[in-house]
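Undergrad: model the structure of this input:
(2 chains)
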Number of protein chains: 2
Amino acid sequence: MTAYSETVQRLMAELGKLPGIGARTAERLAFHLLKCSEAEAMALADAIRDVKQRVHPCKVCFNLAEGELCTVCADPRRDTSLLCVVEQPKDLLALESTGAYRGVYHVLMGHIAPLEGIEAEDLTLEALARRVKGGGIKEVILATNPTVAGDGTALHIASLLAGTGVKFTRLARGLPAGGQIEYAGRSILADAINERRQM
Amino acid sequence: MTAYSETVQRLMAELGKLPGIGARTAERLAFHLLKCSEAEAMALADAIRDVKQRVHPCKVCFNLAEGELCTVCADPRRDTSLLCVVEQPKDLLALESTGAYRGVYHVLMGHIAPLEGIEAEDLTLEALARRVKGGGIKEVILATNPTVAGDGTALHIASLLAGTGVKFTRLARGLPAGGQIEYAGRSILADAINERRQM
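TA: Model prediction:
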């Protein structure tokens, strides 16, 4: 009885380590890579290699960067007195896509979640404290996710940096634009009522 | 406004070319590869590279092989007068796992499906014809899938090699062992009735 050769098995094992990729999907992907042209497979292998070699965290804010600084930190027109703290580079990109923000960022690289084994030490909090205490920052927007872990992380940061004289704000909460009240969950509606604004 | 850097975008594009991987999954996988250790990412890149460099179709039967011949064709104990034609290497492995077959194989590398752009010329039919006409083969088992495309491919092969004096057979059809009649589809039950056997 034969089985897949060691090389094929190793590829399946490596593909199976990717998040959300189970054994059957890994097998399907491996067969695709076996069948496709050499150039196609190598393009993927090279893209992985290049990303690990070229893309590193920005020295200042931990956003993805190809040089020392990310494109936001390298832009002299950004307002460095306004600092927006996000969990991950994806959040930064989402905020940037609005065009509504001209300050700079700090990427935490996750949120505090002891049950998932993510402690405060695993985030870039030390660098954040150094930036805030270094002066020049007037306001820190804690733009963590509106979840238990995100809120907890924001509270941790606010208490960590209490006494620095910096103003802490967080993103507004309420009904999502375009949504419908009848489908909004209880916590969304509670936020919408509690944070109502005069018209 | 920033976006992902060119290197990150290229990785997402390459991941997105994999079957069943959409843009959102490609983004998630790319972020995993950005976050994981260099060694982990390189293990995947190397596994892809190695598979394309080391694994090639068997010279005789087109099964996956690390040398010139696959493990089945290289095994002198196999009965070379009995040839089992399968669509893909996975089918060969499934049949091998039963331990019930001691003949050799021929892997078509697909099935004829003109609507998907897969013509007879895209399969390894020419090599199959050469093997059968070369003599020494007494029986060809057409073990294509019990689907419209699989059945069509089997019929095409049988008519292609008609007159070679070789016996053509196909796998038995009927109720799947362990299945239940009440859940069996109409075509399974029709097969089960039409191919009934005396007890």
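
Undergrad: contacts and neighbour counts: CA atoms only from here.
TA: Will do.

Undergrad: does residue A:105 touch residue A:59 like I think?
TA: No: judged on Cα atoms under 8 Å, residue A:105 makes no contact with residue A:59 at a distance of 12.0 Å.

Undergrad: chain A: strands as residue ranges?
TA: Along chain A, the stretches classed as strands by DSSP state E are A:56-57, A:64-65, A:79-86, A:103-107, A:139-142, A:167-170.

Undergrad: centroid-nearest residue for chain A?
TA: Residue closest to the average C-alpha location in chain A (Cα atoms, centre = their mean): residue A:88, at 1.2 Å.

Undergrad: what's the pLDDT at it?
TA: On pLDDT, residue A:88 comes in at 92.

Undergrad: circling back: export the strands of chain A as CSV, with columns for mean neighbour count.
TA: Converted to CSV, those look like this (neighbours: other Cα atoms under 10 Å in any protein chain shown):
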stretch, mean neighbour count
strand A:56-57, 20
strand A:64-65, 22
strand A:79-86, 20
strand A:103-107, 24
strand A:139-142, 20
strand A:167-170, 15
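
Undergrad: how about CSV for these, with distance to chain B added?
TA: As requested, these are exported to CSV (distance: least, Cα to the nearest Cα, whole Å):
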stretch, distance to chain B
strand A:56-57, 8
strand A:64-65, 8
strand A:79-86, 14
strand A:103-107, 12
strand A:139-142, 19
strand A:167-170, 21
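
Undergrad: for stretch A:9-22, buried residues please.
TA: A:9-16, A:18 (16 or more other Cα atoms under 10 Å in any protein chain shown).

Undergrad: any idea of the mean pLDDT for that stretch?
TA: 94.

Undergrad: next, format the buried residues of stretch A:9-22 as a markdown table and append distance to chain B.
TA: Conversion of the buried residues of stretch A:9-22 to a markdown table gives the following (distance: Cα to the nearest Cα, whole Å):
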| residue | distance to chain B |
| --- | --- |
| A:9 | 9 |
| A:10 | 6 |
| A:11 | 5 |
| A:12 | 9 |
| A:13 | 9 |
| A:14 | 5 |
| A:15 | 7 |
| A:16 | 10 |
| A:18 | 7 |
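
Undergrad: enumerate every residue touching the residue in chain A positioned nearest to chain B.
TA: Residue nearest to chain B within chain A: residue A:45 (4.4 Å; Cα to the nearest Cα). Contacts of residue A:45 were listed using Cα atoms under 8 Å, 6 or more residues apart in numbering or on different chains, and they are B:44-46, B:48-49.

Undergrad: how about 10 Å then?
TA: A:39, B:11, B:14-15, B:41-49 (Cα atoms under 10 Å, 6 or more residues apart in numbering or on different chains).

Undergrad: now do the domain split for chain A, please.
TA: Listed by automatic domain parsing, the domain ranges of chain A are A:6-54, A:64-198.

Undergrad: tell me which of those domains sits most buried.
TA: Greatest average neighbour count among those goes to domain A:6-54 (a mean of 18), per mean count of other Cα atoms under 10 Å in any protein chain shown.

Undergrad: now do the end-to-end distance for that one.
TA: Distance between the two ends of domain A:6-54: 31 Å, counting by Cα to Cα, to the nearest Å.

Undergrad: quick one: that domain to chain centroid distance?
TA: 24 Å (Cα atoms, centre = their mean, to the nearest Å).

Undergrad: same check on stretch A:128-145?
TA: That offset, for stretch A:128-145, works out to 17 Å (Cα atoms, centre = their mean).

Undergrad: same question for stretch A:79-97.
TA: Relative to its parent chain, stretch A:79-97 has a centroid offset of 9 Å by Cα atoms, centre = their mean.

Undergrad: same question for stretch A:110-130.
TA: Relative to its chain's centre, stretch A:110-130 lies at 13 Å (Cα atoms, centre = their mean).

Undergrad: and if you look at stretch A:102-115?
TA: Centre-to-centre, stretch A:102-115 and its host chain are 7 Å apart (Cα atoms, centre = their mean).

Undergrad: so how far is the first residue of that stretch from its last?
TA: In stretch A:102-115, first residue to last residue: 35 Å (Cα to Cα).

Undergrad: kindly report the same for stretch A:181-196.
TA: 14 Å.

Undergrad: cool, and stretch A:165-178?
TA: Span of stretch A:165-178 from end to end, Cα to Cα: 37 Å.

Undergrad: go on, stretch A:52-65?
TA: Criterion Cα to Cα; first-to-last residue distance in stretch A:52-65 is 11 Å.

Undergrad: kindly report the same for stretch A:97-115.
TA: Start-to-end span of stretch A:97-115 (Cα to Cα) is 32 Å.

Undergrad: how far out from the middle of the chain is it?
TA: Relative to the centre of its chain, stretch A:97-115 is centred 6 Å away, using Cα atoms, centre = their mean.
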